[in-house]
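Trainee: From the sequence below, what's the structure:
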Amino acid sequence: MRCAAAASLLAMALAGQPRLWAQAPAVSTAPAKAPALRLLSEEEIPDFADSFPSKRGLVKAAHKTLAYLEKSSGPKFIRIGERDYGAAILADSIKALLEILKAEPAPEELREKIKESFDVFQSAGSDGAGKVVFSAYYQPTLPASLKKSPAHPYPIYRKPPDMVTMEPGLFDKKCNGEPLIGRVDKDKRLVPYFTREQIDVRKVLAGRDLEIAWLKNKFDRLDLHIQGSGILRFPSGKEMLAKYAATNALPYQSVGLLLLKANVFGKEELSHDKIRQYLRAHPEGEDWILAQNPRYTFFELVPLPTDGEPFGTMEQSLVPARSIAVDPAVIPLGALAFFTTVSPQADREGRLLGQSPNSRFALCMDTGGAIKGPGRVDIYAGHGPQAQATARSQWHEGKLFILVKKIPPRER
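Mentor: The predicted model follows:
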């Protein structure tokens, strides 16, 4: 009961950063009795045919993940499927794959080497039978100003100093849930932090010197919040990274789904651009519509990383096409993955060319508020028009596999 009481203080609280525009963030998880990750027999192991001819990005993501794992001070053991492994197994698995890929094996040889060297787990998916939905996210580039002006009237904020994090486990060891985020009100009560409506419409944070930059329109601001980070381009031509700092931890609600339920759009015509056009044509309802997503993201301005990509949860810059976001309650950060799905393809100008089967090795380098359970994966697409076009069109089912280096025979 004490755990339930603590949770009720911030019942709406969730961790992570959401990214989906048009799809519902909640996807049912596998049946309670089924493991989230199932160990495959050798006969069930897939072919591991990677769609990308170049492994440069994979190697880059692998080394970034290894750098994170070397500094990580997590638990001695990690749970994968129904097995407990020593924490070093994640780095060992990555190193083992890199060693195999050095020899540039043929597809059939690669499959045999992986069978010999790895235990392969498959995600149970949202249905318990392996159905995983793959979405994608990208880093937008947005015009911005360091000062408020008629052309840039909409602020983005740094993390407020009155934001409080409460860990239920500190009050009762039986409470193992995620930390709750809120604030202390005038009556000394811990309450949920301000909503999007309170911040953007009622302007409860205005005048507190929390503004770090100003954007041209409200939709760009929401886009930045959903993607979790973005490149800000100032009138001088200088660019900086608006890096994720925190959220108010309130549940994410999809604006696109809201308009879909209201029959503003049909499912087939719903898109990022259609939503933008609709809000531009109906400015009288824009505040109300955007406020239906109460989650709010806070940022810090930092220099652009050398490769221009944002930082993931593991504080390493992400690698397009090779970094994925997963639910760490199901899959540990730093895990080596392989997935198959269908993905859109676009040219460098952002024109969609088509959709085709896609399979690749990837590293679990990030998390997301809408990425919960074994049935959801978010693929990082990069930045620029090409990444934007593919990310906004990625929403397909597929399969996710986790590779874990086999433990050697017992010696004692």
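Trainee: Direction included, what does the longest strand anywhere in the chain pair up with?
Mentor: Longest strand of the chain, by residue count under DSSP state E: strand 352-366. Strand 352-366 has the following strand partners under DSSP bridges: strand 323-325 (parallel), strand 336-346 (antiparallel).
Trainee: Report the spatially nearest residue to residue 193, omitting neighbours in sequence.
Mentor: Excluding its sequence neighbours, the residue lying closest to residue 193 (Cβ to Cβ, 6 or more residues apart in numbering) is residue 248, at 4.0 Å. In short, each C-beta sits where N, CA and C put it, glycine included.
Trainee: where does the chain have low pLDDT?
Mentor: Applying pLDDT under 70 to the chain flags residues 1-33, 176-177.
Trainee: tell me, which helix in it spans the most residues?
Mentor: Longest helix of the chain, by residue count under DSSP state H: helix 56-71.
Trainee: what's the span of stretch 287-297 from first residue to last?
Mentor: One end of stretch 287-297 sits 17 Å from the other (Cα to Cα, to the nearest Å).
Trainee: What residues sit buried inside that stretch?
Mentor: 289-291, 293-297 (16 or more other Cβ atoms under 10 Å).
Trainee: Any chance of TSV for those residues, columns distance to residue 236 and secondary structure?
Mentor: Converted to TSV, these look like this (distance: Cβ to Cβ, whole Å; DSSP: H, G, I helix; E, B strand; the rest coil):
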residue	distance to residue 236	secondary structure
289	33	helix
290	29	helix
291	33	helix
293	32	coil
294	35	coil
295	32	coil
296	28	coil
297	25	strand
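Trainee: For those residues, give me a markdown table that also has distance to residue 162.
Mentor: A markdown table is the format used below for the buried residues of stretch 287-297 (distance: Cβ to Cβ, whole Å):
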| residue | distance to residue 162 |
| --- | --- |
| 289 | 28 |
| 290 | 23 |
| 291 | 21 |
| 293 | 22 |
| 294 | 18 |
| 295 | 18 |
| 296 | 14 |
| 297 | 17 |
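Trainee: out of those, which one sits closest to residue 74?
Mentor: residue 297 (25.5 Å; Cβ to Cβ).
Trainee: Do I have it right that the closest one meets residue 228?
Mentor: Yes - Residue 297 is within contact range of residue 228, at 6.6 Å (criterion: Cβ atoms under 8 Å).
Trainee: returning to that earlier point: could you list every residue that touches the residue nearest to residue 193?
Mentor: 163, 181, 192-195, 294-296, 298 (Cβ atoms under 8 Å, 6 or more residues apart in numbering).
Trainee: Neighbour-wise, which one of the residues you listed leads?
Mentor: Counting neighbours by other Cβ atoms under 10 Å, residue 193 leads the contacts of residue 248 with 25 neighbours.
Trainee: Hmm, that residue is touching residue 185, no?
Mentor: No - in this structure residue 193 lies outside contact range of residue 185 using Cβ under 8 Å: 10.7 Å.
Trainee: Just the element for the closest residue to residue 285 other than its chain neighbours, please.
Mentor: Residue nearest to residue 285 in three dimensions, not counting chain neighbours: residue 279, with 7.8 Å by Cβ to Cβ, 6+ apart. Using DSSP states H and E, residue 279 sits in helix 272-281.
Trainee: Dump the C-alpha coordinates for that helix into PDB.
Mentor: Extracted C-alpha coordinates of helix 272-281, given in PDB (Å, rounded to 0.1, in the frame of the first residue of the first chain):
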ATOM      1  CA  HIS A 272       3.800  15.300 -40.200                       C
ATOM      2  CA  ASP A 273       3.300  17.900 -43.000                       C
ATOM      3  CA  LYS A 274      -0.500  17.400 -43.000                       C
ATOM      4  CA  ILE A 275      -0.600  18.100 -39.200                       C
ATOM      5  CA  ARG A 276       1.600  21.300 -39.700                       C
ATOM      6  CA  GLN A 277      -0.700  22.500 -42.500                       C
ATOM      7  CA  TYR A 278      -3.800  21.900 -40.500                       C
ATOM      8  CA  LEU A 279      -2.600  23.800 -37.500                       C
ATOM      9  CA  ARG A 280      -1.400  26.700 -39.700                       C
ATOM     10  CA  ALA A 281      -4.900  26.800 -41.200                       C
END
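Trainee: Counting by contacts, list what that helix packs against.
Mentor: helix 218-227, helix 255-261, helix 283-291 (3 or more Cβ pairs under 8 Å, 6 or more residues apart in numbering; DSSP states H and E).
Trainee: Fine by me, thanks again.
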